[in-house]
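A.B. asks: what would the 3D arrangement of this be:
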Amino acid sequence: MKTKDITYIAIFSAIISILSIISIPTPLGVPFTLQTFSISLAGFVLGKKYGTLSTIVYLILGSIGLPVFAGLTGGISSFISVTGGFLFGFIFLSFFCGFNNIFYGIIGLIICHLLGVIQFSFLTKTHFFNSLVLVSIPYLIKDILSIFLAYFIGKKLKNIIYNK
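C.D. replies: Sure thing, here's the model as predicted:
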């Protein structure tokens, strides 16, 4: 790994952190954020390996208590909260976006949402389908649009960064 790669991983971890704290609360308990966009962008620009590493660094920063998660939260307890499954799912989202293909990005998004719904369902003792309706379906259009936007912006950024 080169210094340049480490720098880009750090920069994208910072971008994810900043865009994740921009949060619009909803009555459903899962806020609207720019996490999906920023994590997808990291994957599209940095690829599978480094995009995923930047997401993992972001998650580590949050787990040690830095307020980088939605709503300026942080700490290990975030991973066992009703939205913790989505945090784990972000690893898959950035990895699949790293294939630089919108279709794979949507597969990563589906895995992310499934993990989020499963954990929400388990912790709230809500039926899986009801959880899907509460914490996934209302966000799918925004998240799919985020992937498309990240893909097109990422393509331009990748050209600039890697001089292609």
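
A.B. asks: please count neighbours and contacts with C-alpha atoms only from this point.
C.D. replies: Will do.

A.B. asks: and the lowest-mean-pLDDT helix or strand in the chain, what does it pack against?
C.D. replies: Sorting the helices and strands of the chain by mean pLDDT, DSSP states H and E puts strand 23-24 at the bottom, at a mean of 76. Judged by 3 or more Cα pairs under 8 Å, 6 or more residues apart in numbering; DSSP states H and E, strand 23-24 is in contact with strand 32-33.

A.B. asks: list the helices and strands the strand it packs on packs on?
C.D. replies: Against strand 32-33 (3+ Cα pairs under 8 Å, 6+ apart) you get helix 3-21, strand 23-24.

A.B. asks: quick check: mean pLDDT of the lengthiest helix in the chain?
C.D. replies: Determined from DSSP state H, the single longest helix within the chain is helix 35-63. For helix 35-63, mean pLDDT rounds to 97.

A.B. asks: what sits up against whichever helix or strand comes after that helix?
C.D. replies: As assigned by DSSP states H and E, the chain's next helix or strand after helix 35-63 is helix 84-97. Applying Cα atoms under 8 Å, 6 or more residues apart in numbering, the set of residues contacting helix 84-97 from outside is 36, 39-44, 47-49, 51-52, 55-56, 59, 78-79, 104-105, 107-109, 111-120.

A.B. asks: secondary structure element holding residue 143?
C.D. replies: helix 137-161.

A.B. asks: how far off centre is that helix?
C.D. replies: A distance of 11 Å separates the C-alpha centroid of helix 137-161 from that of its chain, computed with Cα atoms, centre = their mean, to the nearest Å.

A.B. asks: that helix packs against which elements?
C.D. replies: Looks like helix 137-161 contacts helix 35-63, helix 102-124 (3+ Cα pairs under 8 Å, 6+ apart).

A.B. asks: out of those, which one sits most buried?
C.D. replies: Among the helices and strands packed on helix 137-161, the stretch with the highest mean neighbour count (mean count of other Cα atoms under 10 Å) is helix 35-63, at a mean of 25.

A.B. asks: packing partners for it?
C.D. replies: helix 3-21, helix 84-97, helix 137-161.

A.B. asks: can you list those helices in CSV and add distance to residue 66, mean neighbour count and mean pLDDT?
C.D. replies: Supplementary listing: the helices and strands packed on helix 35-63 in CSV, determined by distance: least, Cα to Cα, whole Å; neighbours: other Cα atoms under 10 Å; pLDDT from 0 to 100:
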stretch, distance to residue 66, mean neighbour count, mean pLDDT
helix 3-21, 9, 18, 95
helix 84-97, 15, 26, 97
helix 137-161, 25, 17, 93
